[in-house]
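*Asks:* generate a structure from the sequence data that follows.
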Amino acid sequence: MQVTKLDSGLRVASEHIPHVQTVTIGFWVRCGTFAESSDEMGLSHFLEHMFFKGTQSRSARDIVEAFDDVGGELNAYTAKEYTCFFAKVMDEHLPLAVEVLSDMLTRPLFAEEDLEREKQIVLEEIALYEDAPDELIHDKLADAIWPHHPLGRPILGTRESITSITSHSLRQFYAKHYCPENVVIAACGHLSHEELVRLVEVNCSLGSQGVCVSDSADNLPYSERISVIERPIEQLHLCLGFPGLSWRDKDIYAMNIMNNIFGAGMSSRIFQGIREELGLAYSIYSYSASFVSAGYFAVYAGLSARNTATLLKTVGRELLAMKNAPVSAAEISRARQQVKGALVMGLESTANRMSRMGRGLLLIGRVMDTAEILERIEAVTLEDVQSLAKRVFALDQLTVCALGPTALLPNLVEALRDN
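*Replies:* Predicted coordinates for the structure are as follows:
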């Protein structure tokens, strides 16, 4: 991997893979939900949409046809802590990819008629999302955990916040966050780093009046709450949240192992116990949501409301088991292999390698060597996992979120503690 910081402050990273014929390139911008004030909810995501609506020299159709004409791919997404615009092309078309992406991000048109049309599209996207309770519940959990912080807000914004966007607020937000210090350009594949740097210097000229933000949270307090949302649907969607770890935490690799053993795969404890043995839920899993300076650990289940008490008691027993006794040698060995396997297999994708570079440089200022990551995963012990379980699975810091038919719900916290 090679990294060059330009005089403007923009960083360019690349990794040369000689045996492929393609290049995946991403423009990573430190602009996401965390950067939004209460009056700016959804602006990061809305801005992402607007970059595809045309530039001072290209129409929206010109942008997509530029990649279609060479058999390439173009897309983007907004996350809590960043926005990523990315493309995959044959190696000979890298200059086109850099030029078009740069044009989109540095010379956007932001036409008034496009803005009003895109509002309707995003409002439809919000409606679609709200009709997917198995996805919506995770936003509701984040809101319950961090009710007064941007990290707890939905990426899409709300109907009210999207409707209130103006051309002035959009341009002001763009000027504030889309500055060189907030951008990393990362590419992986059959390319020359020197040529990539030259292409970026020629094509990508961002303003320099923005604000470079390094952290999305500072001593962010975790909120213990119970949030119950009645919906006339068949299934109950249930999330349990606990204080988790930031990307910077020394125990992040132990977290990966613990999560794998507890609920991240088909051989995990709660999948086997709750789905395979008891048949209480079709979908049951755990995950760790980590950010630059904060994080949480969550357990999700989709089930019939009448089974809630039994499921919570079972989950509660598994939480206590993780805290009270070391996991088995077989479990930790299996988890290590699964975590390492996912990492190594992911490295076979130029898109994944590009993402590791871009996200790492943007969020924590470095990209950890693969061998070092594998070594740290291998170093996680039985004692590390149990110690982390004691730290994370604290029922006095539990947040519970339930969405669906709630009339039959038991006392959620008492059911979980009743072991």
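*Asks:* per-residue confidence at the nearest residue to Gln2 once chain neighbours are set aside?
*Replies:* If the residues on either side of it in the chain are set aside, Gln2 comes closest to His193, at 4.3 Å by CB to CB, 6 or more residues apart in numbering. (Each C-beta comes from the backbone N, C-alpha and C, glycine too.) The model reports His193 with a pLDDT of 98.
*Asks:* how about Leu206?
*Replies:* Per the predicted model, pLDDT is 83 at Leu206.
*Asks:* give me the beta-bridge partners of the spatially closest residue to Val23 that is not a sequence neighbour?
*Replies:* Nearest non-adjacent residue to Val23, counting by CB to CB, 6+ apart: Gly189, 3.6 Å away. With DSSP bridges as the criterion, Gly189 is bridged to His16, Val23.
*Asks:* what part of this structure, helix or strand, is modelled with the least confidence?
*Replies:* One helix or strand of the chain scores below all others by mean pLDDT, DSSP states H and E: helix 412-417, with a mean of 64.
*Asks:* Phe46: what's it in contact with?
*Replies:* By CB atoms under 8 Å, 6 or more residues apart in numbering, the contact list for Phe46 reads 118-119, 122, 157, 162, 165, 170.
*Asks:* mind running it again at 7 Å?
*Replies:* Counting by CB atoms under 7 Å, 6 or more residues apart in numbering, Phe46 touches 118, 122, 157, 162, 165.
*Asks:* nearest to Glu230, of those residues?
*Replies:* Nearest to Glu230 among the contacts of Phe46 is Gly157, at 23.3 Å by CB to CB.
*Asks:* the closest one: neighbouring residues, count only.
*Replies:* Using other CB atoms under 10 Å, Gly157 has 25 other residues around it.
*Asks:* buried sites along stretch 347-361?
*Replies:* Under the neighbour-count criterion of 16 or more other CB atoms under 10 Å, stretch 347-361 has 350-351, 353-361 buried.
*Asks:* turn these into JSON lines, including pLDDT.
*Replies:* Listed next are the buried residues of stretch 347-361 as JSON lines, based on pLDDT from 0 to 100:
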{"residue": "Thr350", "pLDDT": "95"}
{"residue": "Ala351", "pLDDT": "96"}
{"residue": "Arg353", "pLDDT": "96"}
{"residue": "Met354", "pLDDT": "97"}
{"residue": "Ser355", "pLDDT": "97"}
{"residue": "Arg356", "pLDDT": "96"}
{"residue": "Met357", "pLDDT": "97"}
{"residue": "Gly358", "pLDDT": "97"}
{"residue": "Arg359", "pLDDT": "96"}
{"residue": "Gly360", "pLDDT": "95"}
{"residue": "Leu361", "pLDDT": "96"}
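*Asks:* in helices, which of those fall?
*Replies:* Among the buried residues of stretch 347-361, DSSP state H puts 350-351, 353-361 in helices.
*Asks:* from Gly207, how far out is the most centrally placed residue in the chain?
*Replies:* Centroid check for the chain by CA atoms, centre = their mean gives Ala79 as the closest residue, at 5.2 Å. Distance, Ala79 to Gly207, by CB to CB, to the nearest Å: 23 Å.
*Asks:* where does the stretch 51-200 of the chain have low pLDDT?
*Replies:* By pLDDT under 70, the stretch 51-200 of the chain has no low-scoring segment.
*Asks:* which parts of it are strands?
*Replies:* 73-78, 83-90, 183-189 (DSSP state E, counting those that start in this stretch).
*Asks:* export stretch 338-347 as PDB, just CAs?
*Replies:* What follows is stretch 338-347, C-alpha atoms only, in PDB (Å, rounded to 0.1, in the frame of the first residue of the first chain):
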ATOM      1  CA  GLN A 338     -14.300 -17.900  11.100                       C
ATOM      2  CA  VAL A 339     -13.200 -14.400  11.900                       C
ATOM      3  CA  LYS A 340      -9.800 -15.000  10.100                       C
ATOM      4  CA  GLY A 341     -11.500 -16.700   7.200                       C
ATOM      5  CA  ALA A 342     -13.900 -13.800   6.600                       C
ATOM      6  CA  LEU A 343     -11.000 -11.400   6.700                       C
ATOM      7  CA  VAL A 344      -8.700 -13.400   4.300                       C
ATOM      8  CA  MET A 345     -11.500 -14.200   1.900                       C
ATOM      9  CA  GLY A 346     -12.600 -10.600   1.800                       C
ATOM     10  CA  LEU A 347      -9.100  -9.700   0.700                       C
END
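*Asks:* that concludes my questions; thank you for your assistance.
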